[in-house]
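In: I'll drop the sequence and a predicted model, then ask my questions.
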Amino acid sequence: METLGNFLRKARELKNISQEDLAKFTCYHVSRIQALEEDRHENLPPMPYVKGMLRSISKYLSLDVNEVLHQYENFLNTQPKSDPIVSSVNEISETPFYLQKNFLLVSATVSFIVLVIVASFLFREPKQVKPIGDISTTETTSSSEVSLGGKESIAPAGGYKLIIQAPKDIWLKVQIDSDAPYPLPLKAGGSTELHAKKVLRFFVSDVEGVKFTLNDKEMPHSLTGAKTFIFPSGASLPTKEK
């Protein structure tokens with residue numbers, strides 16, 4: 001039986017599209033595309049993220065999105081079930097805290113914040129508040145990063161309140177002010193409320209249909225695929241992809 005990876009690879013090659021071109025259009029790293037086509041699902045992110053990839057790839061290759069997602073779900077049904085919460089607890093309990101990835105990430109982030117504060121006092125130059133660290137899937141800001149909101153340079157007295165409502169399973173990575181980024185999965189029909197004093201930056205695995213309400217004002221859009229949002233950034237949220 002043909003695997004999902006083989007099916008996607010043949011569809012791409014039939015249209016004479018390279019993996020690099022596909023990665024550029026969908027804003028996913030070429031290594032993700034390779035892992036998906038080679039059925040190396042153990043090297044891929046969580047299921048909501050992969051579903052976002054499949055939607056973007058299917059649209060670009062003119063494939064039936066529902067059929068591709070159905071093939072992926074059939075693949076998942078053949079895999080042994082595991083409890084991610086129990087697995088995470090076991091991993092944490094078996095690994096010393098000073099060797100855990102979260103501890104190392106937090107330590108590196110705190111060290112970087114301290115250096116930035118010291119440098120700001122030494123040079124005494126006014127600097128725009130920017131989020132610390134990278135919450136996207138690449139080391140540089142990609143074309144998928146868009147702004148959320150208007151051109152406000154000074155936060156309102158109450159800061160910013162953002163409500164995210166998910167029509168399907170999605171995966172987020174959130175950074176509030178200068179805090180360390182953290183992952184945030186959302187189930188279909190679920191929502192989350194984020195509060196920030198100055199800066200709000202977050203990555204969404206698939207933004208299609210996701211509803212944003214900023215300070216009680218709905219921010220309409222027609223974006224699809226993986227996107228990184230930042231607020232404030234000097235531009236309003238696009239109403240359609242460019």
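Out: Arrived safely.
In: which residues of the protein fall in strands?
Out: Counting by DSSP state E, the segments of the chain that form strands are 145-147, 160-165, 170-176, 182-186, 191-196, 200-204, 211-214, 217-218, 227-231.
In: and these: which comes nearest V65?
Out: Taking CB to CB, strand 170-176 is the member of the strands of the chain nearest to V65, at 15.4 Å. Where C-beta positions appear, they are placed from N, C-alpha and C, glycine not excepted.
In: run the chain-centre distance for that closest one.
Out: Relative to its chain's centre, strand 170-176 lies at 6 Å (CA atoms, centre = their mean, to the nearest Å).
In: model confidence over it, on average?
Out: Averaged over strand 170-176, pLDDT sits at 92.
In: in PDB, list the C-alpha atoms belonging to that strand.
Out: C-alpha atoms of strand 170-176 as PDB (Å, rounded to 0.1, in the frame of the first residue of the first chain):
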ATOM      1  CA  ILE A 170      -3.600  23.900  16.200                       C
ATOM      2  CA  TRP A 171      -0.200  24.300  17.800                       C
ATOM      3  CA  LEU A 172       1.200  27.600  19.100                       C
ATOM      4  CA  LYS A 173       4.400  28.900  20.500                       C
ATOM      5  CA  VAL A 174       3.900  32.100  22.600                       C
ATOM      6  CA  GLN A 175       6.200  34.800  23.900                       C
ATOM      7  CA  ILE A 176       4.800  37.500  26.200                       C
END
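In: pLDDT below threshold where in the protein?
Out: For the chain, the stretches with pLDDT under 70 are 81-104, 121-157, 233-242.
In: mind giving me the domain ranges of it?
Out: 4-77, 82-127, 131-231 (automatic domain parsing).
In: so can I have TSV of these showing mean neighbour count?
Out: Formatted as TSV, these follow (neighbours: other CB atoms under 10 Å):
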stretch	mean neighbour count
domain 4-77	16
domain 82-127	10
domain 131-231	17
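In: if we can go back for a sec, which one, of the strands of the chain, ends up nearest to R12?
Out: Among these, strand 227-231 comes nearest to R12, with 22.5 Å by CB to CB.
In: tell me the angle the closest one makes with strand 170-176.
Out: Strand 227-231 and strand 170-176 are oriented at 30 degrees to each other (axes from the mean of the first three to the mean of the last three CA atoms, to 10 degrees).
In: contacting residues for Y60?
Out: 17, 22, 25-26 (CB atoms under 8 Å, 6 or more residues apart in numbering).
In: now swap in L69 and tell me
Out: Shown in contact with L69 (CB under 8 Å, 6+ apart): 51, 54-55.
In: with respect to S205, which of the residues you listed is nearest?
Out: Among the contacts of L69, and counting by CB to CB, the member closest to S205 is K51, at 7.7 Å.
In: about what we covered before: same list, the strands of the chain, but as CSV with distance to N74 please.
Out: Formatted as CSV, the strands of the chain follow (distance: least, CB to CB, whole Å):
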stretch, distance to N74
strand 145-147, 34
strand 160-165, 28
strand 170-176, 21
strand 182-186, 22
strand 191-196, 29
strand 200-204, 26
strand 211-214, 30
strand 217-218, 36
strand 227-231, 28
